[in-house]
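S.K.: Provided below are the primary sequence and the corresponding predicted coordinates.
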Amino acid sequence: MLILGIETSCDETSVAVVEDGKKILSNKISSQIEIHKEYGGVVPEIASRHHIKNIAAVMQESLDEAGVGLDDMDYIAVTYAPGLIGALLVGISFAKAISYGKNIPLVPVHHLKGHIYSNFAEHEVKLPAICLIVSGGHTNIVYLNEEHRFENLGGTLDDAVGESYDKVARVLGLGYPGGPIIDKLSYNGNPDAISMPEPKVGGYDFSFSGVKTAVINYVNKMRMKGEVFSPEDLAASFQERVVDILCKKTIAAALEKGVKTILIAGGVAANSALRRELSKRAEEHGIEVHYPSMALCTDNAAMISVAAYYKLNYGREEGKIADLGLNGVASMPIEED
Ligand code: KG4
Ligand code: ZN
């Protein structure tokens with residue numbers, strides 16, 4: 001089964017061809033990071049315009065690399081929620097046009113499920129599992145059972161974890177996106193140098209605004225006093241607190257649900273400390289941790305094809321195939337897909 005995947009929910013225009021939910025024949029990504037860098041974050045209108053400009057060429061490159069044509073496709077999969085609405089609509093309209101013109105069924109895919117299923121392309125995943133979704137827009141703990149049903153156990157009450165990384169990098173004048181920069185800077189810092197608050201949030205919910213504000217206040221105070229400080233120490237202290245929060249809650253959820261598998265998904269799954277620390281703590285409980293390779297961590301269309309494969313095999317009957325009325329949805333809890 002060949003599935004053409006299309007992803008345009010944020011600032012990457014991506015088209016992929018995946019065979020049987022596993023074999024990635026191509027996964028072309030045109031990133032707009034260089035364009036949005038100038039503004040310190042993604043500008044929705046600019047993102048949509050670039051998707052329109054690039055999507056046809058990205059698809060052609062993807063088909064060429066896979067050595068296939070549109071007529072070989074069994075399904076077209078497209079991200080329809082959640083995301084920037086104008087950006088989503090570019091991918092959806094493009095997918096609908098192909099679906100109609102070539103008479104290929106259209107599968108609507110939830111972006112966060114795409115992130116989770118990226119793990120299934122590379123690992124033998126044993127269900128049930130706890131999924132930690134960490135991206136620029138989301139921080140959620142989700143339970144995934146053997147029937148591939150999702151249950152959201154908790155999420156952030158304020159900033160997403162990637163968003164707080166981006167804000168911390170911005171206040172330090174380090175550029176965008178902040179995650180990889182802060183991650184790298186932390187290697188040379190002392191995580192115990194600056195004390196970071198521990199949020200008092202119950203259950204599996206998160207709050208990162210207190211930690212973020214602590215960083216901003218520290219920087220402002222030092223600058224006002226004209227004192228020099230170590231950005232490395234600050235990055236390391238921030239990262240250690242954030243990673244500790246994520247690990248504690250994820251392990252607690254895994255133990256409560258009695259699962260033996262944890263999946264990390266989303267852009268922040270690329271974080272070296274999170275990968276290392278969560279794997280270490282999970283191992284102490286005999287729990288296996290999977291995370292995608294770097295190329296599959298950030299937004300890409302291969303994960304959308306993979307998620308479509310599982311939706312076709314396990315999803316609710318009425319939601320598998322979309323008609324030409326398919327619309328984009330900016331915000332949608334994972335269970336509603
Ligand atoms: O999943 P993604 O590509 O886009 C969204 O759907 O949001 O995630 C992007 C986010 C950004 O906030 C970026 O700073 C963060 O992932 N990120 C990282 C790392 N690499 C990317 N955060 C921490 N450490 C990293 N190594
Ligand atoms: Zn994403």
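M.R.: Everything's here; your move. Ligands and ions are numbered 1, 2, ... in the order given.
S.K.: so which helix or strand of the chain has the lowest pLDDT on average?
M.R.: Lowest mean confidence among the helices and strands of the chain (mean pLDDT, DSSP states H and E): helix 33-37, at a mean of 84.
S.K.: close to ligand 1, is that one?
M.R.: No: judged by Cβ under 6 Å from any ligand atom, helix 33-37 makes no contact with ligand 1; its nearest approach is 9.8 Å. In this view, the C-beta of every residue, glycine as well, is placed from N, C-alpha and C.
S.K.: now for the closest residue to ligand 2 within the stretch 101-250 of the chain: which residues touch it?
M.R.: Nearest residue of the stretch 101-250 of the chain to ligand 2, counting by Cβ to the ion: residue 135, 4.4 Å away. By Cβ atoms under 8 Å, 6 or more residues apart in numbering, the residues touching residue 135 are 112, 115, 160, 161, 162, 266, 267, 268.
S.K.: number of nearby residues for the third one?
M.R.: In other words, residue 160. Neighbour count for residue 160, taken as other Cβ atoms under 10 Å: 23.
S.K.: next one, pLDDT for it please.
M.R.: The model reports residue 160 with a pLDDT of 97.
S.K.: okay, the closest residue to ligand 1 within the stretch 1-150 of the chain and residue 274: tell me how far apart.
M.R.: For the stretch 1-150 of the chain, the residue closest to ligand 1 is residue 136, as judged by Cβ to the nearest ligand atom, at 2.8 Å. According to Cβ to Cβ, to the nearest Å, residue 136 and residue 274 sit 15 Å apart.
S.K.: circling back: from the contacts of residue 135, which land in helices?
M.R.: Using DSSP state H, the subset of those located in helices is 112, 115, 161, 162.
S.K.: and the residue nearest to the last one when sequence neighbours are not counted, which of the three is it?
M.R.: Nearest residue to residue 162, sequence neighbours excluded (Cβ to Cβ, 6 or more residues apart in numbering): residue 136, at 3.8 Å. The local conformation at residue 136, judged by DSSP: H, G, I helix; E, B strand; the rest coil, is coil.
S.K.: so residue 136 versus residue 21, what's the distance?
M.R.: The separation that residue 136 has from residue 21, given Cβ to Cβ, amounts to 26 Å.
S.K.: neighbour-wise, which of these two wins?
M.R.: Ranked by neighbour count (other Cβ under 10 Å), residue 136 and residue 21 place residue 136 first, with 24 against 19.
S.K.: quick check: phi and psi on the more buried one?
M.R.: phi -70, psi -20 (degrees, to the nearest 10).
S.K.: I figured it hits residue 11, correct?
M.R.: No: using Cβ atoms under 8 Å, residue 136 is not in contact with residue 11; the gap is 9.3 Å.
S.K.: so what sits against both of these two?
M.R.: Joint contacts of residue 136 and residue 11 (Cβ under 8 Å, 6+ apart) do not exist.
S.K.: ok, residue 322 touching residue 100?
M.R.: No: assessed by Cβ under 8 Å, residue 322 is found out of contact with residue 100, at 11.6 Å.
S.K.: which one's more surrounded, the two?
M.R.: residue 322 (20 against 12).
S.K.: the nearest residue to residue 201 once chain neighbours are set aside: how many residues sit nearby?
M.R.: In this structure, residue 201 finds its nearest non-sequential neighbour in residue 207, 4.7 Å apart by Cβ to Cβ, 6+ apart. When neighbours are counted by other Cβ under 10 Å, residue 207 registers 18.
S.K.: who in this protein is up against ligand 2?
M.R.: Residues of the chain that fall close to ligand 2, judged by Cβ under 5 Å from the ion: 135, 299.
S.K.: nearest residue to the middle of the chain?
M.R.: Nearest residue to the geometric centre of the chain (Cα atoms, centre = their mean): residue 266, 2.4 Å.
S.K.: so what's that residue up against?
M.R.: Contacts of residue 266 were listed using Cβ under 8 Å, 6+ apart, and they are 112, 115, 133, 134, 135, 138, 162, 297.
S.K.: pop out the phi and psi values for it.
M.R.: According to degrees, to the nearest 10, residue 266 has phi 100, psi 170.
S.K.: and the pLDDT at the closest residue to it other than its chain neighbours?
M.R.: Distances taken as Cβ to Cβ, 6+ apart put residue 135 closest to residue 266, at 3.4 Å, once the chain neighbours are dropped. Predicted confidence (pLDDT) for residue 135: 94.
S.K.: check for me that residue 142 belongs to a helix.
M.R.: No: secondary structure of residue 142 (three-state DSSP): strand, not part of a helix.
S.K.: after the helix or strand containing residue 47 comes which helix or strand?
M.R.: Per DSSP states H and E, residue 47 falls inside helix 44-66. Next in sequence after helix 44-66, counting helices and strands by DSSP H and E, comes strand 75-81.
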